[in-house]
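# just need the structure, nothing else, for what follows:
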Amino acid sequence: MKDEDLLPRNDCSRRIIHLDMDAFYASVEMRDHPELRGKAVVIAQDPRLHGGHGVIATANYRARKYGVGSAMPAIKAIQQIPKEELVFVDPDFAKYHAVSDQVHAIMHEVTDQIETVALDEAYLDVTQNKLQRSSVIELGCYMQQKIYAELQLTCSFGASYNKFLAKMGSEYAKPFGRTVILPQEARAFLAKQDIKEFPGIGKKTQAALRDLGINNGADLRAFGTRKLLEKFKKAGYYMAMQAYGIDLSPVRATRQRKSLGKERTFEPEIYDPVQAQTLLRQYCGEIAQSLQARGLVARVLVLKLRDRDFNTITRRQRLPAASNKAADFYPVAKELLDREPEFIENGLRLLGVSGGDLSGARYEEISLFPTDE
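Below you'll find the predicted structure:
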């Protein structure tokens, strides 16, 4: 039996688009503040004003040339970007949610089969579409051009017969790129791609693959399905499927949220309780803004912790009253964090907080005037 025969039969009948906004948060700020153009824009609180703390939400492409990107400590931007170029901008998640809703409205002109991955990216199954067009590149260009004309923002898209290849396509030619991968071209395309470009293959697995002499898609396929299964078990099976351009997962139309949260993994781990509390306060603020932008309130707060040994816990606390305000979230989240000091003592690898049991905000729960939080 050939290695390929161990894998499921491919399905090339669908037409899938992965649409990804280019440096979304930074691009929105540069659009709204033209004076930022030509600068290395980092969306984060300025650590010089917050005791050296802060985490980068995203950075524009100029900043990325200096090796600065999302989830990094904000202090890295100061260390790596020339001071005459660097500009910190405090994130405004309520605004980003509003712009994301505008982008999604344009997507819905094409299809309602939309699987939202984040504020700035989504998969669309356009096999059947509202515009009744058969050309997948025509549909992608329609959205790309309309987003630019109406919102003055750029996006990239990849199009293919499955989600995996569409995702690789959208990353292939950023920014403002478009890549279509036809079934007959998929294996040749994948053969040339470095393994770091394959979605789902993390840094540790990349290192293990390179130790085996596997550096690109061609090497992955040549290594063989059986060996990948032996070495990497279930993950090896999925890598083999990727090497042959197989992904049968459907586009799942996004359902109404039951929770809304924020979490980050840290490398290196956090050992400073003050830093953890600062991040927790920031996350509570972001969740509050997101809920307010969507007209939702939460009745439950959930804290998630993971230490350097990958011990993971979640702790839930019902709020005194339904809320979408950071001032109500943070004290509860901090109390839950304070009950688990060993996670910081042992090195905090992941910190997450989410609001659960969501529902629409009643009029009496919405403040008509801004508050200082």
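
# for the helix or strand hosting residue 106, packing partners?
Mapping residue 106 onto the secondary structure by DSSP states H and E places it in helix 93-108. Packed against helix 93-108 by the contact rule (3 or more C-beta pairs under 8 Å, 6 or more residues apart in numbering; DSSP states H and E) you find helix 24-32, strand 114-118, strand 121-125, helix 136-151, helix 273-294. In this view, the C-beta of every residue, glycine as well, is placed from N, C-alpha and C.

# do a quick rundown of the strands in the protein.
Secondary structure of the chain (DSSP state E): strands located at 16-21, 40-43, 58-59, 86-89, 114-118, 121-125, 155-160, 178-180, 259-270, 296-307, 312-323, 348-356, 359-360.

# to residue 234, which of those lies closest?
In this view, these are compared for proximity to residue 234 by C-beta to C-beta, and strand 312-323 is the closest at 19.5 Å.

# got any ranges where the stretch 201-350 of the chain has weak pLDDT?
Scanning the stretch 201-350 of the chain with the threshold set as pLDDT under 70 gives 254-258.

# revised request: answer the last question for the stretch 1-150 of the chain.
When residues are selected by pLDDT under 70, those of the stretch 1-150 of the chain lie in 1.

# for residue 48, which of the helices and strands packed on helix 93-108 is the nearest?
Distance to residue 48, taken as C-beta to C-beta, is lowest for helix 273-294 among these, at 14.0 Å.

# returning to that earlier point: can I get the strands of the chain in TSV including mean neighbour count and distance to residue 280?
Listed next are the strands of the chain as TSV, based on neighbours: other C-beta atoms under 10 Å; distance: least, C-beta to C-beta, whole Å:
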stretch	mean neighbour count	distance to residue 280
strand 16-21	26	27
strand 40-43	27	19
strand 58-59	24	20
strand 86-89	21	20
strand 114-118	16	21
strand 121-125	23	26
strand 155-160	26	32
strand 178-180	19	39
strand 259-270	16	10
strand 296-307	21	8
strand 312-323	14	12
strand 348-356	22	6
strand 359-360	10	24
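
# other residues contacting the helix holding residue 106?
Identification of contacts with helix 93-108 by C-beta atoms under 8 Å, 6 or more residues apart in numbering yields 19, 21, 24-25, 28, 114, 116, 119-120, 122, 124, 143, 146-147, 150-151, 153, 155, 286, 289-290, 292-294.

# and residue 128, how many residues sit next to it?
By the criterion of other C-beta atoms under 10 Å, residue 128 has 9 neighbours.

# in space, what's closest to it - neighbours in sequence excluded?
residue 111 (7.4 Å; C-beta to C-beta, 6 or more residues apart in numbering).

# got the phi and psi for the one you found?
Residue 111 has phi and psi values of phi -160, psi 160 when expressed as degrees, to the nearest 10.

# wait, doesn't it sit right on residue 129?
Yes - in this structure, residue 111 sits in contact with residue 129. The criterion is C-beta atoms under 8 Å, and the distance is 4.9 Å.

# please identify the deepest-packed of the helices and strands packed on helix 93-108.
Sort the helices and strands packed on helix 93-108 by mean neighbour count, taking mean count of other C-beta atoms under 10 Å, and strand 121-125 sits at the top with a mean of 23.

# packing partners for that strand?
Applying 3+ C-beta pairs under 8 Å, 6+ apart, one finds that strand 121-125 contacts strand 16-21, helix 93-108, strand 114-118, helix 163-172.

# which of the ones you listed sits most buried?
When you average the neighbours per residue for each of those (mean count of other C-beta under 10 Å), strand 16-21 leads with a mean of 26.

# just checking: what are the partner strands of that strand?
Paired with strand 16-21 in the same sheet, following DSSP bridges, are strand 121-125 (antiparallel), strand 155-160 (antiparallel).

# only C-alpha atoms, please: export it in PDB.
What follows is the C-alpha trace of strand 16-21 in PDB, where atoms were taken according to Å, rounded to 0.1, in the frame of the first residue of the first chain:
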ATOM      1  CA  ILE A  16     -12.900  28.500  -0.100                       C
ATOM      2  CA  ILE A  17     -11.500  32.000   0.500                       C
ATOM      3  CA  HIS A  18      -9.400  33.000   3.500                       C
ATOM      4  CA  LEU A  19      -9.600  36.800   3.900                       C
ATOM      5  CA  ASP A  20      -7.100  38.400   6.200                       C
ATOM      6  CA  MET A  21      -6.800  42.200   7.000                       C
END
